[in-house]
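# please find the sequence and the predicted model below.
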Amino acid sequence: QVQLVESGGGLVQAGGSLRLSCAASGRTFSRYVMGWFRQAPGKEREFVAAINWSSTSSYYADSVKGRFTISRDNTKNTVYLQMNSLKPEDTAVYYCALDWSTRFSPSLLQSEYDYWGQGTQVTVSS
């Protein structure tokens, strides 16, 4: 079993920054794909970013490309999402997820992810 715990959410003004963290425990963390997703009120959960186990491949949703950066520290079993130039439309609950595979190219599909965190709220005021 794997447990994922997100932290770092909060309230920030538009143009500000936040860094989300997701700490994993349980089974070996380093050889798995990690992703971030978000769900805004009244909307479906959507892909934000993902990174492979070696940090050699990552993908971003078009809406966050150039503003968000995903990274991971396998020695700390933690994945990060640095969010800069935040916009009110970034307001959502952010979830980290683990894809229990060693694929080189991380998946954008929620169905590929095996474990999910409980989510952390990010609110961007205008």
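Ah, there it is. Just so you know, these numbers come straight off a predicted model, no measurement behind them.
# all contacts plus neighbour counts: C-alpha atoms, from now on.
Noted.
# tell me the pLDDT at the residue nearest to the spatial centre of the chain?
When Cα atoms, centre = their mean is applied to the chain, the residue found nearest the centroid is Trp36 (2.2 Å). Trp36 is assigned 98 on the pLDDT scale.
# now it, what's its secondary structure?
Counting by DSSP: H, G, I helix; E, B strand; the rest coil, the backbone at Trp36 sits in strand.
# the closest residue to it other than its chain neighbours - how many residues pack around it?
The spatially closest residue to Trp36, leaving aside those adjacent along the chain, is Cys96, at 4.5 Å (Cα to Cα, 6 or more residues apart in numbering). Burial of Cys96 is recorded as 30 neighbouring residues (other Cα atoms under 10 Å).
# let me know the helix or strand that Cys96 is in.
For Cys96, the element it lies in under DSSP states H and E is strand 92-99.
# can I get that strand in CSV, CA atoms only?
Output of strand 92-99 as CSV, limited to C-alpha atoms (Å, rounded to 0.1, in the frame of the first residue of the first chain):
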residue,chain,number,x,y,z
ALA,A,92,-9.1,24.1,-7.1
VAL,A,93,-8.4,21.2,-4.9
TYR,A,94,-5.0,19.8,-6.0
TYR,A,95,-4.4,16.0,-5.8
CYS,A,96,-1.2,14.1,-6.2
ALA,A,97,-1.3,10.6,-7.6
LEU,A,98,1.0,7.7,-8.1
ASP,A,99,1.1,5.5,-11.2
